[in-house]
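Engineer: what follows is a predicted structure for the sequence shown.
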Amino acid sequence: MSVFEEIHPLNAGVPVTRQSSGNAAQGPASNPPSDPIPARYRDGRGGINLEQVRRDQLRARQEWLRAVVRSIKALWGR
C-alpha cells in the first residue's frame, strides 16, 4: 500500500442517496442541469465510479508532491 492510499469502508453506513420521506414516494429525481459530478466519473448504471475518483486523487497528490519537491530544489539551488 502506498503512503497516499487510505482505506475507507465503501459506504461507511451513510445511504448513497438521501431522500426525505416525502420525496421517497416520487421516485428518483432527474439530474440538475449543472450536475456537479463530471461525466468521466459516472459509471454505466448512473452511479459514481469510485475507483476512477481514487486514481485521479492519487495522481493529483503525486503531482502536487512533485511540484513541492521541485520548488524546494529550486530554492536550494539559488
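Structural biologist: Happy to help now that I have it.

Engineer: what about residue 48, how many neighbours?
Structural biologist: 13 (other CB atoms under 10 Å). Where you see a C-beta, it was placed from the backbone N, CA and C, and this is true even at glycine.

Engineer: scratch that, residue 35 is what I was asking about
Structural biologist: Neighbours of residue 35 using other CB under 10 Å come to 10.

Engineer: need phi/psi at it.
Structural biologist: The phi and psi values for residue 35, taken as degrees, to the nearest 10, are phi -70, psi 120.

Engineer: poorly predicted segments of the chain, please.
Structural biologist: Residue ranges of the chain with pLDDT under 70: 1-33, 78.

Engineer: need the strands for it, in chain order.
Structural biologist: With DSSP state E as the criterion, the chain has no strands.

Engineer: in it, which helix has the most residues?
Structural biologist: In the chain, assigned by DSSP state H, the helix with the most residues is helix 50-76.

Engineer: quick one: list the elements packing against that one.
Structural biologist: On a contact count with 3 or more CB pairs under 8 Å, 6 or more residues apart in numbering; DSSP states H and E, helix 50-76 meets no helix or strand.

Engineer: list the buried ones in it?
Structural biologist: When burial is assessed from 16 or more other CB atoms under 10 Å, helix 50-76 yields no buried residues.

Engineer: tell me the contacts of residue 37?
Structural biologist: Contact analysis of residue 37 by CB atoms under 8 Å, 6 or more residues apart in numbering lists residue 48.
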